[in-house]
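Q: fold the following, please.
(chains A and B)
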2 protein chains.
Amino acid sequence: MICSSSLSMSNIPPASSETSDEPQPQVRRIKTSPQLNRWSRARSIRSGRKLDRSALSFNTELRITKSGSPPARSEEEQIELTMSSPKRGNSRSSSSSEDEREVNGGKSIFMVSDGTGWTAEHAVNAALGQFDYCLVDRHCPVNTHLFSGIDDVDKLMEIIKQAAKEGAMVVYTLAEPSMAESAKQACQHWGVASSDILGPITEAIAGHLGVSPSGLPRWAPEREKTLGEEYFRRIEAIEFTIKQDDGALPRNLHMADIVLTGVSRSGKTPLSIYLAQKGYKVANVPIVVNIDLPKTLFEVNPEKVFALTINPVVLQSIRRARAKTLGFDGELKTNYYDMDYVKEELEYAGKIFAQNPVWPVIEVTSKAIEETAVIVLRLYHDRKHRCSMPRISKRY
Amino acid sequence: MICSSSLSMSNIPPASSETSDEPQPQVRRIKTSPQLNRWSRARSIRSGRKLDRSALSFNTELRITKSGSPPARSEEEQIELTMSSPKRGNSRSSSSSEDEREVNGGKSIFMVSDGTGWTAEHAVNAALGQFDYCLVDRHCPVNTHLFSGIDDVDKLMEIIKQAAKEGAMVVYTLAEPSMAESAKQACQHWGVASSDILGPITEAIAGHLGVSPSGLPRWAPEREKTLGEEYFRRIEAIEFTIKQDDGALPRNLHMADIVLTGVSRSGKTPLSIYLAQKGYKVANVPIVVNIDLPKTLFEVNPEKVFALTINPVVLQSIRRARAKTLGFDGELKTNYYDMDYVKEELEYAGKIFAQNPVWPVIEVTSKAIEETAVIVLRLYHDRKHRCSMPRISKRY
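A: As a prediction, the model looks like this:
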């Protein structure tokens, strides 16, 4: 386990043993020290690139990495690993050689924050989208480790030393300039690749606003703790949206900012929740063949109604999976994922959409929730503000 | 309105009229051209700093800014503006002078993305936390404008020219290196402050992994469109969590990854939803005096139960506001926000927590949802993996 007891407070982490003690000038990636050559070879192995295995006799830090990923996932992941990476087949036993363990482990990214760390996570997540061609399924898994609330330099150093040991890179969001500087210096010193997520954007905004950043971490006592109106409005939006889910309380549709409609499994619920988190009160109304839609759907301002549609083949497969999850596969609602029924329902929905031409019809096939969300919000704001350049605006 | 028809496709935006045509080396902020001096003066006005008003005779681009912020908010915001900035009192009529309009407007940040733009928004949001001492309430409002799906250079240039016109800064997440480079060059050329959110972190990760980024925007046809298992698991978590909200279906508690418990208005629902969005199946169980808790709460693995507590005074004020919203202020549940009742309920909850010492008790007073979320998840992962350095890990 990456978080096993191997984590010691040694002052001389193995990674630094062969690097100079002097701070090094802005060298972030692959360097030429023997230690780093070993790392770069280890990287090659882990990334699945071909490598002369005779070159693998180096004595790198022992490390058995296992992801402590979201719940109930580990088992599937293990299967995924076994299925996708033949090299890993027999290497899970404790007798596997170090290099094989390296292959198992994948590369690590440490995310260090004096706040929650969600900003770092979001940015890393987005950046990893640029490498999805070579992540888990392609033999180059990446493990992220989020360290939040890191508000003193000792903890920070401990984490960076550990990153050096594990050959991890460090990504940080540290509001206090001295902490950010310490992180940068320490990473350079120990030869750890690093990236400052918050510093550059904060600096740019400071220049733009002509005022200085407070330099206070989120939890600093000096920082205002009162949660504003906006905060409670967001909570209200979430609670409203939950109550309105799946066609409940149609009499309240007029209170919604956004009304979504579409057939079952067109993604109304997760989209509603996503939008609610952004502060919009959302109601969703399912379309089912032979079931009358609530009158109120046609009485509310049609400019706030958004129709979702989806490819029938994809919808069928999603419905089949859903039926299995719910355990009514093969009984009761068998026609739920029957292709004729799926098509009939989509056509029925299509007719309703055609009768309400103001409702934009959004094709959601293969779109992630956040992609559909941005389309809905762009239209929503555009309709409100009639911009020639569609944009989503907000005041802070 | 910031998105009015003033937006033209002029090839010589006012901002560039006095700047050199030559690309400039890395000059990001306040420069010394007369045009930029005018901007910096405008900035001073907008940021609320004192300024010699005789210096305000410059003819800057006409602009009446209004935020198209989340729904049903505009009205309150107008009030907020009037209340917080005496200068703005009578300046809302069309006869108001330009400088007053500048004061009304606040500073703008354009966020440009070839994807959804949520990464840019998240980063800007976090960075703005460093300026909360001088935002809306302190006369220095900031308007953000998100331009998503910007996948060709013409649209990109149009936006940057508009930013130059409006004196906005540009923050971008552009996967294609040539687009990012164009953005950088154009911003330099037109004297627009800018910040690349995705480039540096992507580059750092590329160096770390030893592979190249794909350079493909999210919606590029070449990028894989299939939504993985993880995606559907997240949706399942959201749906599970909605169904379990507010103590519903206690028989399903064993299926939850995380169970939250606490009195009404301790923030269980929004926290549940936040965690669900991250892929965790969450159930929440309300604690109400004289109402028995479901047996299953004591039968599930206590390591997945998290108790929430809150300061009674704060809870009272939240409950009072809630009662008003729901319209039962002064009738029915009057004791809901009665201090004696609030205290009694918190004490009752405290006793239950004491009887279940494995449940961590998390104090949520004045904590934002995402702050409490990180505490819950850190404990959750820590209990699963027994790390000496608490971390939240995930595999990509």
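
Q: wasn't residue A:178 part of a strand?
A: No. Read with DSSP: H, G, I helix; E, B strand; the rest coil, residue A:178 is helix and lies in no strand.

Q: okay, it: pLDDT?
A: Looking at residue A:178, its pLDDT stands at 96.

Q: for the one 4 residues further on, same thing?
A: The predicted local confidence for residue A:182 comes out at a pLDDT of 97.

Q: check the one 5 residues further on too.
A: The model reports residue A:187 with a pLDDT of 98.

Q: tell me if I'm right that it and residue A:160 touch.
A: Yes. If you go by C-beta atoms under 8 Å, residue A:187 and residue A:160 touch, sitting 6.0 Å apart. (C-beta placed from N, C-alpha, C; glycine too.)

Q: more neighbours: these two, which one.
A: residue A:160 (26 against 22; other C-beta atoms under 10 Å in any protein chain shown).

Q: isn't that one up against residue A:192?
A: Yes. Counting by C-beta under 8 Å, residue A:192 is a contact partner of residue A:160 at 6.0 Å.

Q: need the residues touching each of these two.
A: The contact sets of residue A:160 and residue A:192 overlap at A:170, A:186 (C-beta atoms under 8 Å, 6 or more residues apart in numbering or on different chains).

Q: ok, residues contacting stretch A:355-362?
A: A:261, A:298, A:302-303, A:305-309, A:353, A:372, A:375-376, A:379.

Q: now that stretch: mean pLDDT?
A: 97.

Q: first-to-last residue distance for it?
A: 16 Å (C-alpha to C-alpha, to the nearest Å).

Q: which parts of that stretch are buried?
A: Within stretch A:355-362, the residues that qualify as buried are A:359, A:360, A:362, counting by 16 or more other C-beta atoms under 10 Å in any protein chain shown.

Q: JSON lines for these, including secondary structure and distance to residue A:395?
A: Shown next, in JSON lines, are the buried residues of stretch A:355-362 (DSSP: H, G, I helix; E, B strand; the rest coil; distance: C-beta to C-beta, whole Å):
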{"residue": "A:359", "secondary structure": "coil", "distance to residue A:395": "28"}
{"residue": "A:360", "secondary structure": "coil", "distance to residue A:395": "25"}
{"residue": "A:362", "secondary structure": "strand", "distance to residue A:395": "26"}
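
Q: which one of those is nearest chain B?
A: Closest to chain B out of the buried residues of stretch A:355-362 is residue A:362 (13.2 Å), distances taken as C-beta to the nearest C-beta.

Q: how much space between that closest one and residue A:173?
A: To residue A:173, residue A:362 is 34 Å away according to C-beta to C-beta, to the nearest Å.

Q: for residue A:312, same thing?
A: Where residue A:173 is concerned, residue A:312 sits at a distance of 44 Å (C-beta to C-beta).

Q: more crowded one of the two?
A: residue A:173 (31 against 18).

Q: let me see the contact set for the closest residue to that one other than its chain neighbours.
A: For residue A:173, ignoring the flanking residues on the chain, the nearest one in space by C-beta to C-beta, 6 or more residues apart in numbering or on different chains is residue A:198 at 4.1 Å. For residue A:198, the contact set (C-beta under 8 Å, 6+ apart) comprises A:119, A:172, A:173, A:174, A:175, A:180, B:123, B:126, B:127, B:130.

Q: counting neighbours, what do you get for the first one?
A: Residue A:119 has 24 neighbours, counted by other C-beta under 10 Å.

Q: the second one too?
A: One way to gauge burial is a neighbour count; for residue A:172, by other C-beta under 10 Å, it gives 28.

Q: and it, what element?
A: Using DSSP states H and E, residue A:172 sits within strand A:169-173.

Q: that strand packs against which elements?
A: Judged by 3 or more C-beta pairs under 8 Å, 6 or more residues apart in numbering or on different chains; DSSP states H and E, the packing partners of strand A:169-173 are strand A:107-113, helix A:118-128, helix A:153-166, helix A:177-189, strand A:194-196, helix B:198-209.

Q: ok, the residue nearest to the spatial centre of chain A to residue A:132 distance?
A: Note on chain A: the residue nearest the mean C-alpha position is residue A:125, at 4.9 Å, using C-alpha atoms, centre = their mean. The gap separating residue A:125 from residue A:132 is 11 Å, by C-beta to C-beta.

Q: where are the low-confidence patches of the stretch 151-300 of chain A?
A: For the stretch 151-300 of chain A, residues meeting the criterion pLDDT under 70 lie at A:224-226.

Q: any idea which of the contacts of residue A:198 has the most stuff around it?
A: Neighbour-wise, the contacts of residue A:198 (other C-beta under 10 Å) top out at residue A:173, 31 neighbours.

Q: flag the shaky bits of the stretch 1-150 of chain A, pLDDT-wise.
A: Looking at the stretch 1-150 of chain A by pLDDT under 70, you get A:1-104, A:136-138.

Q: can you redo the contacts of residue A:198 as a markdown table with distance to residue B:115?
A: Below are the contacts of residue A:198 laid out as a markdown table (distance: C-beta to C-beta, whole Å):
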| residue | distance to residue B:115 |
| --- | --- |
| A:119 | 17 |
| A:172 | 23 |
| A:173 | 21 |
| A:174 | 26 |
| A:175 | 26 |
| A:180 | 27 |
| B:123 | 13 |
| B:126 | 18 |
| B:127 | 19 |
| B:130 | 25 |
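
Q: between the residues you listed, which is closest to residue A:396?
A: The shortest gap between residue A:396 and any of the contacts of residue A:198 belongs to residue B:127, at 10.4 Å (C-beta to C-beta).

Q: what residues are up against that closest one?
A: A:198, A:201, A:202, A:205, A:213.

Q: distance of it from residue B:186?
A: Counting by C-beta to C-beta - residue B:127 and residue B:186 are separated by 22 Å.

Q: and if you look at residue A:239?
A: 44 Å.

Q: okay, these two: which has more neighbours?
A: Applying other C-beta under 10 Å to residue A:239 and residue B:186 shows that residue B:186 carries more neighbours, namely 22 against 19.

Q: my read: the more buried one touches residue B:157, true?
A: Yes. Applying C-beta under 8 Å, one finds residue B:186 in contact with residue B:157, separated by 5.9 Å.

Q: and the strands in the stretch 201-350 of chain A?
A: A:258-263, A:282-287, A:305-309 (DSSP state E, counting those that start in this stretch).

Q: now distance to chain B and mean neighbour count too, for these, in a markdown table please.
A: Formatted as a markdown table, the strands of the stretch 201-350 of chain A follow (distance: least, C-beta to the nearest C-beta, whole Å; neighbours: other C-beta atoms under 10 Å in any protein chain shown):
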| stretch | distance to chain B | mean neighbour count |
| --- | --- | --- |
| strand A:258-263 | 8 | 24 |
| strand A:282-287 | 10 | 26 |
| strand A:305-309 | 13 | 22 |
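
Q: tabulate these (CSV), appending distance to residue A:251.
A: Formatted as CSV, these follow (distance: least, C-beta to C-beta, whole Å):
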stretch, distance to residue A:251
strand A:258-263, 13
strand A:282-287, 10
strand A:305-309, 16
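
Q: among those strands, which comes closest to residue A:294?
A: strand A:282-287 (6.5 Å).

Q: helices or strands next to that closest one in the packing?
A: Against strand A:282-287 (3+ C-beta pairs under 8 Å, 6+ apart) you get helix A:229-243, strand A:258-263, helix A:268-277, helix A:339-355.
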